[in-house]
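A.B. asks: just a sequence and a predicted model for now, questions to come.
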2 protein chains.
Amino acid sequence: MAVTIRQIAELAGVSRGTVDRVLNNRGGVSQEAEKTIKRIAKELNYKPNLMAKALANSQKGTTIGVLVNSGGNPFFDKVLLGIAKAQEEIAGFHIKVKKVELTGYNIEKQLYAINQLVDLQISGLVITPINDSTIAEKLNEVNNKGIPVVTLNADITGIEKLGFVGCNYEKSGQTAGELLGQITQGNATVGILTGSNKMLGHTMRVDGFQQVIEQSYPNITVARILETFDDDQIAYEQTKKLLLENQSINALYYCAGGIDGGIKAVLELGYAHKLKIITVDDTDNIKQYLYQGIVNATVCQQPFKQGYDAIKLVFNKLIYNQLPEKKHLYTQNEIKVKFNLD
Amino acid sequence: MAVTIRQIAELAGVSRGTVDRVLNNRGGVSQEAEKTIKRIAKELNYKPNLMAKALANSQKGTTIGVLVNSGGNPFFDKVLLGIAKAQEEIAGFHIKVKKVELTGYNIEKQLYAINQLVDLQISGLVITPINDSTIAEKLNEVNNKGIPVVTLNADITGIEKLGFVGCNYEKSGQTAGELLGQITQGNATVGILTGSNKMLGHTMRVDGFQQVIEQSYPNITVARILETFDDDQIAYEQTKKLLLENQSINALYYCAGGIDGGIKAVLELGYAHKLKIITVDDTDNIKQYLYQGIVNATVCQQPFKQGYDAIKLVFNKLIYNQLPEKKHLYTQNEIKVKFNLD
DNA sequence: ATGAAAGCGCTAACAT
DNA sequence: ATGTTAGCGCTTTCAT
């Protein structure tokens, strides 16, 4: 059998309590005892029994708070599925998940929701934060209360956190650029429809895309970069304007929300199948566009995995006191075409 | 707090032992007691505490046997990393992993190795099986001993198993076909280098590829399909022959092993950058070819995840008695280009 | 058929 | 600073 805390106690000639104190840095132990106990533990290659740890800790009635800006954003459908899956899995550990969904990016509302969750005595928080200093302050406060924080899909600067789960946005853009380069065989005039220049993820995608075009595809020109603010109606109008004003455009890169609106414009103008179109993510509508050959390829970010992993990260910390290896857990930028959806 | 076996016992006016017997179908309980206990459990929505279950069961000293045909096959490097990661994670549960690596596809050797592992008293088996009836028989025997079997990367027909973890080979081929269609803009003469017509995964890839070409790309011709037997030397020779005998070929699809040898031939002939090349998997060498623009894209199958998930599947069964939702856990067919590697 | 109780390894409250 | 002990929820053995 594996070595236990009890064996160490016997060998060191102390009680199990003392061993526990040393091995978990609870303090209040003599230098001497600490040294011998640590030595013995190392010699015997002691590995705490996680099941026992978990069981002993299980009185606490744990709830994980989840706060996502998923309202009206179909991208989050799969993130939520991932969260639900994780929730189901950890139900056997009697851990609850309290989920709050917000629409839009209102700082006040997000602050309020965080406070609400904290008042509910959550033991961990998963959040898609707005990149704002007020939020950052609040999250640090939460973290200092001993409530681990995991940022999901979007990150925020200047906070102490357990980890971030999401994609590498720059690589996402680069991948889209390379893809467009290949399918146009290096000749194209492209229009970019981004979400907002104030959203870090969006600008990083645009930058990555342009980098690749500049470095590898001299005969591809970026004609215009327009903002859609993740809104279908605006995307529709911008796309129409873009295509009508720049007849030379024969490729589009949608790197944020509002894609459905944009495609609607393309269809109305009768430009489907005439333009090469690269998008991001694979909502149900985008899948349809892929099937129909209207969208050539889309660069996805494993939304299900994002939701699932974020919860599991908190879970592992709470139950097993396990920390992630890296602070930033990047999901793959997956290129999808007609045949490798799902 | 959540409902426990003890509460049910009190409500039913029986002992915890009896509740345990009923809830785990151990038999030896009166009809009457059984009925009331089940009713109460259902009413209270009883969910066993998995940590407690695991702890109580933890005396048994569990070892998971792993048998992979990884010898001399760089594809398996990442599968092994995934296995190692899972191994590390479950070490805290005092579960050991005993790994045996085999080279080639010799039935006798695989049988022998299975027996060896079983003699070691393993509690679960992860295997890349040869699709052969003798192996199938043996695996059924193992399964009937109460040792759950998970097939990894390759599957086998006619066995009872806990699950299969690997990719959908047909979709892999279809994806490659679509990709080639797009980057050649539908005009190409392509040579296919497969592994062996006797390997299910390989033929499924070829079939998927051809399906898509036939249905969507009338101006793409498949000139030849040659076997490499996953061997670099043979792949080298076949590629040379292929390209010299068919000067019209301007695209290649490598859908199995031996890719390094094939690329060597391409380079020697000075055809790099003149051919569009699609491969499978992303070994270190293939990554280099992508960086250099020699290979255009590769269709991968999440090897790390395959290794990791296979172990976790067995783990969840052994520790928590959890069954997978589906027998076939397909990994994504991930298209990778220069910029979305890793 | 059923109950009682010891134990899995660790934690935490209390005692010294 | 250190020891003692009663759990955590479930399984299993031994009585009855």
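C.D. replies: It's in.
A.B. asks: only C-alpha atoms for contact and neighbour calcs from this point on.
C.D. replies: Noted.
A.B. asks: the residue lying closest to A:T103 once chain neighbours are set aside and A:M204, how far apart?
C.D. replies: Spatially, and ignoring its direct neighbours in sequence, A:T103 is nearest to A:G71 (4.1 Å; Cα to Cα, 6 or more residues apart in numbering or on different chains). Separation of A:G71 from A:M204 (Cα to Cα, to the nearest Å): 23 Å.
A.B. asks: more neighbours: which of these two?
C.D. replies: Counted by other Cα atoms under 10 Å in any protein chain shown, A:G71 and A:M204 do not tie: A:M204 has more neighbours, with 20 against 13.
A.B. asks: could you point out which element follows the one helix or strand the more buried one maps to?
C.D. replies: Element membership of A:M204, judged by DSSP states H and E, is helix A:200-216. Per DSSP H and E, the first helix or strand lying C-terminal to helix A:200-216 is strand A:220-227.
A.B. asks: any residue of that following strand touching chain B?
C.D. replies: No. Figure legend: strand A:220-227 not in contact with chain B (Cα under 8 Å from any Cα of the partner chain); closest approach 15.4 Å.
A.B. asks: report how many residues lie close to whichever residue of chain A sits closest to chain B.
C.D. replies: Closest residue of chain A to chain B, Cα to the nearest Cα: A:I183 (4.3 Å). Neighbour count for A:I183, taken as other Cα under 10 Å: 21.
A.B. asks: picking up where we left off before, any idea how far the residue nearest to A:T103 is from DNA strand C?
C.D. replies: 38 Å (Cα to the nearest atom of the strand, to the nearest Å).
A.B. asks: repeat that for A:A251.
C.D. replies: With Cα to the nearest atom of the strand as the criterion, A:A251 and DNA strand C are 58 Å apart.
A.B. asks: who's in contact with that residue?
C.D. replies: Each residue near A:A251 by Cα atoms under 8 Å, 6 or more residues apart in numbering or on different chains is listed here: A:A188, A:T189, A:V190, A:G191, A:L275, A:K276, A:I277.
A.B. asks: circling back: and the pLDDT for the residue of chain A closest to chain B?
C.D. replies: Looking at A:I183, its pLDDT is 98.
A.B. asks: I figured it hits B:Q182, correct?
C.D. replies: Yes. The criterion here is Cα atoms under 8 Å, and A:I183 meets it with B:Q182 at 5.5 Å.
A.B. asks: what sits in contact with each of those two?
C.D. replies: By Cα under 8 Å, 6+ apart, no residue touches both A:I183 and B:Q182.
A.B. asks: put the alpha carbons of the helix or strand where A:R21 lies into PDB.
C.D. replies: Element membership for A:R21 (DSSP H and E) is helix A:16-23. The C-alpha coordinates for helix A:16-23 follow below in PDB (Å, rounded to 0.1, in the frame of the first residue of the first chain):
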ATOM      1  CA  ARG A  16      -0.600  12.600  12.800                       C
ATOM      2  CA  GLY A  17      -1.800  16.100  13.600                       C
ATOM      3  CA  THR A  18       1.700  17.400  13.500                       C
ATOM      4  CA  VAL A  19       2.400  15.700  10.200                       C
ATOM      5  CA  ASP A  20      -0.700  17.300   8.800                       C
ATOM      6  CA  ARG A  21       0.400  20.700  10.000                       C
ATOM      7  CA  VAL A  22       3.800  20.400   8.400                       C
ATOM      8  CA  LEU A  23       2.600  18.900   5.100                       C
END
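A.B. asks: how far does that helix sit from its chain's centre?
C.D. replies: 38 Å (Cα atoms, centre = their mean, to the nearest Å).
A.B. asks: returning to what we had before: spit out the contact partners of the residue nearest to A:T103.
C.D. replies: Here A:G71 is in contact with A:E101, A:L102, A:T103, A:G104 (Cα under 8 Å, 6+ apart).
A.B. asks: quick one, phi psi at it?
C.D. replies: Backbone torsions of A:G71, given as degrees, to the nearest 10, read phi -60, psi 130.
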